[in-house]
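1. Fold the stuff below for me.
(chains A and B)
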Amino acid sequence: MKQLMQLQAVLITDPAPSIIIDPNLAAVKLISATSSRGNPRHAALVFSILSEPNLIAWNSLLKALTDNHLYSLALARFNSLLVRRPRLNPDEFTFTSIFKACAALVACHAGEASHAFVFRQGLDSNLCLANSLVDMYFKFGLPKNASRLFDEMPMKDVVSWNTFISGCSSYGDVLSARQLFDRMSERSLVTWSAMIAAHAKAGDTRAARELFDQMPDKNVVCWNAMISGYAQNERFSSAIELFRTMLQVSSMQPNAATLVSVLSACAHLGALDLGRWIHRYIKRKGMELSLFLGNALADMYAKCGCIPEAEGVFQQMHDKDVISWSIIISGLAMFGHAGQAMSAFHEMLQRGTEPNDITFMGIISACTHSGQVDTGLEFFRMMREDFMIPPKVEHYGCVVDMLSRAGRLEEAEDMVASMVVPPNVIVWGALLGGCRIHADIERGERVVRRILELNPDHSGSYVYLATLYASMGRLEAAAECRLRMRKQRVAKTPGCSWIEVDHAVHEFFMGDRAHPRSDEIYAMISKLRHKMRLAGYVPNTSVVCQSIDEEEKEDALSMHSEKLALAFGILATKQGQTIRIVKNLRVCKDCHDAFKVLSKIEEREIILRYRNRFHQFREGLCSCKDFW
DNA sequence: TTATCTTATG
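-> Numbers count the residues shown, from 1 in each chain, chains lettered A, B, ... in the order given. I've put the predicted structure just below:
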């Protein structure tokens, strides 16, 4: 009775209900209408009311389920069609949905069985079905089978070419994709987008951009392919720049996929102003906070150090997955809010979301950043034994880092020795970092040898070792280490900082004079240094490794990229405004101390992020409580 | 009917 009433309710919204007499026909119309409104459960309900569904009704049900990503349900229903209605012979429409579902689930057995069925019935001459089959075999990870089917097709259309291009690209074979692309006489927008994405996926943004600029027409997907191509290849400023062109020059409307890529670029660069602008745009356009968009927005806020805003977005999302929770947990972890990260973790478990390896990465790093070593070890045990998640080398890196910082170097070294996966440079580096903090030179040298065995070009370990020697006052050893580094032409990753002012991202390298306001910036640095000295601050010069006199050391320190960014921030923003800086490398002790003092002298809140760690400086103190 | 673009850790 209830079901009939619901059916009736939907019937009333139909524009011409009186014409429909055949229940199957009525059901088909209803199923496709409810499905396109994103309500597949309702479509299934309508179907269940039919006493004798015909093949068309079955097909529209299967299509409704696959269009709404309910692939396993679709396959289950298909099975019941075969078992319960042997007289209804599935046709090309049925298999279009089934191949799509099999491709999405990588259900190889079901896919191959269906392929055999289609072959016996002679349905494989149907162009659409053949195209779907090629796509399915690519998604199964069987490019040879896909290529063979493709070659054997008697007829091909532009969709066949497009399928082949994107299939090759997903398999990393750009060459074959490009050869086909160059031979094609007729190209659709999809062809161009697929080829741009193929180049971008292979890391060749230049080739991708060349095609993008050559295109006769562009739709939103082409723009997305190019913008996400930049974002995925860490060309974040280029992604943002192209997004601006999209809005201002071409007046193309971005969609959710565009905004997800741009938000990811904002998150990496700490471009909070643009991120906030996108949030307002989403609200103004009344866009739904889907999983993708909500996650990207929450992540942007978390990575820009705005935890309350990230949590606000998280609360508004009606669908939350393990990624959403992981974003919040690692966001809290980056600020060292271990207690809150743990309550979020427990709430996640209570709501029935299963944590994955990345979630555990977040919760363990929360323990690392707050120095809760034993709790961290307990989470590490829980991950392996209670959730059966095999630890990755990253987890070991995190745990070894935690033990080493706390001075439990013996345990840390034992942990490295007991690893099931071979330790990498990051794991050894974590141990080395601990040796430096706790001045364990003997162990440090042993670790450095292991690192250089593993990777003789590893610049980081030379830098670490040099710093280790320097902090012990062994300046000759440090200098020798530097020399060896130079001899072997080991390039040190240049320190780089970003700051966003008035919607533009400014980039600074160590000792950089490229910025148009460079003179003012250096003048500001001397002014700040003077003020700091008046406040009784003594620079910490032990971190500078070269054997140079104290005055020069002080100059080298004052030119660290984060100090340049800070000086520019003080120059270019209003008094009292929060300054946000993102850095690619770890901050040195001197910059950390200087930022504390400057937050008090200049009465500014300063938020500094490097990699996955935040420092919030306020009134002479840092949120990390000097534990880092 | 089929094909192109999107998020989280190190």
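2. what about stretch A:174-183, distance to the chain center?
-> 29 Å (C-alpha atoms, centre = their mean, to the nearest Å).
3. Could I get the buried residue list for that stretch?
-> A:Val174, A:Ser176, A:Ala177, A:Arg178, A:Leu180, A:Phe181 (16 or more other C-beta atoms under 10 Å). From N, CA and C alone the C-beta is placed, and that goes for glycine too.
4. Please identify which pair of those lies farthest apart.
-> Spanning the widest gap among those are A:Val174 and A:Leu180, at 10.8 Å by C-beta to C-beta.
5. on that earlier part again, the buried residues of stretch A:174-183 also near DNA strand B: which ones?
-> Among these, no residue is within reach of DNA strand B (C-beta under 7 Å from any atom of the strand).
6. CA-only coordinates of stretch A:408-418 in PDB, if you can.
-> Presented in PDB, the C-alpha positions along stretch A:408-418 are these (Å, rounded to 0.1, in the frame of the first residue of the first chain):
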ATOM      1  CA  ARG A 408      64.700   6.500  22.500                       C
ATOM      2  CA  LEU A 409      67.400   5.900  19.900                       C
ATOM      3  CA  GLU A 410      68.100   2.300  20.800                       C
ATOM      4  CA  GLU A 411      64.400   1.300  20.400                       C
ATOM      5  CA  ALA A 412      64.300   3.300  17.100                       C
ATOM      6  CA  GLU A 413      67.300   1.500  15.700                       C
ATOM      7  CA  ASP A 414      65.800  -1.900  16.800                       C
ATOM      8  CA  MET A 415      62.600  -0.900  15.000                       C
ATOM      9  CA  VAL A 416      64.500  -0.200  11.800                       C
ATOM     10  CA  ALA A 417      66.200  -3.600  12.100                       C
ATOM     11  CA  SER A 418      62.900  -5.400  12.600                       C
END
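7. What lies in contact with it?
-> A:373, A:396, A:399-400, A:403-404, A:423, A:427-428, A:430-431, A:434-435, A:438, A:440, A:443 (C-beta atoms under 8 Å, 6 or more residues apart in numbering).
8. Can you go through the residues you listed and name the buried ones?
-> Looks like those have A:373, A:396, A:399-400, A:403-404, A:423, A:427-428, A:430-431, A:434-435, A:440, A:443 buried, using 16+ other C-beta under 10 Å.
9. any idea which of those residues is closest to A:Lys574?
-> Nearest member of the buried ones among the contacts of stretch A:408-418 to A:Lys574, counting by C-beta to C-beta, is A:Ala430, at 40.3 Å.
10. From A:Gly336, how far off is that closest one?
-> To A:Gly336, A:Ala430 is 17 Å away according to C-beta to C-beta, to the nearest Å.
11. residue ranges with poor pLDDT in chain A?
-> Residue ranges of chain A with pLDDT under 70: A:1-21, A:455-461, A:463-464, A:468, A:471-473, A:485-493, A:539-558, A:611, A:627-628.
12. where along it do the strands fall?
-> A:496-501, A:504-509, A:579-583, A:606-610, A:613-618, A:621-622 (DSSP state E).
13. so which of those gets nearest A:Met419?
-> Of all the strands of chain A, strand A:613-618 sits nearest to A:Met419, with 23.8 Å by C-beta to C-beta.
14. now the angle from that closest one to strand A:579-583?
-> Our comparison of strand A:613-618 with strand A:579-583, counting by axes from the mean of the first three to the mean of the last three C-alpha atoms, to 10 degrees, yields an angle of 150 degrees.
15. ok, strand A:613-618: who's next to it in the sheet?
-> Strand pairing for strand A:613-618, using DSSP bridges, gives strand A:606-610 (antiparallel), strand A:621-622 (antiparallel).
16. So for DNA strand B, which of the ones you listed sits nearest?
-> Taking C-beta to the nearest atom of the strand, strand A:606-610 is the member of the strands paired with strand A:613-618 nearest to DNA strand B, at 10.5 Å.
17. Quick check: residues of the stretch 101-250 of chain A near DNA strand B?
-> A:126-129, A:131-132, A:135, A:157-160, A:162-163, A:166, A:188-190, A:193-194, A:197, A:220-222, A:224-225, A:228, A:231-232.
18. Give me the buried entries from the residues you listed.
-> A:126-127, A:129, A:131-132, A:135, A:159-160, A:162-163, A:166, A:189-190, A:193-194, A:197, A:220-222, A:224-225, A:228, A:231-232.
19. A:Val538 and DNA strand B: what is the separation?
-> Here the criterion is C-beta to the nearest atom of the strand, to the nearest Å. By it, A:Val538 lies 33 Å from DNA strand B.
20. Check the gap between that residue and A:Arg529 for me.
-> From A:Val538 to A:Arg529 the distance is 12 Å (C-beta to C-beta).
21. and if you look at A:Ile426?
-> A:Ile426 is 35 Å from A:Arg529, by C-beta to C-beta.
22. So for the two, which residue has more residues nearby?
-> A direct count of neighbours by other C-beta atoms under 10 Å for A:Ile426 and A:Arg529 places A:Arg529 higher, at 19 against 16.
23. Leaving out chain neighbours, which residue sits closest to A:Ala146?
-> Leaving out its chain neighbours, the residue that sits closest to A:Ala146 by C-beta to C-beta, 6 or more residues apart in numbering is A:Tyr137, at 3.8 Å.
24. One more: A:Gly111?
-> Here the residue nearest A:Gly111, using C-beta to C-beta, 6+ apart, is A:Cys102, at 3.6 Å.
25. I'd like to know how far that neighbour sits from DNA strand B.
-> A:Cys102 is 11 Å from DNA strand B, where distance means C-beta to the nearest atom of the strand.
26. what sits against that residue?
-> Contacts of A:Cys102 by C-beta under 8 Å, 6+ apart are A:Leu75, A:Cys108, A:Ala110, A:Gly111, A:Ser114, A:Met136.
27. Out of these, which end up buried?
-> A:Leu75, A:Ala110, A:Gly111, A:Ser114, A:Met136.
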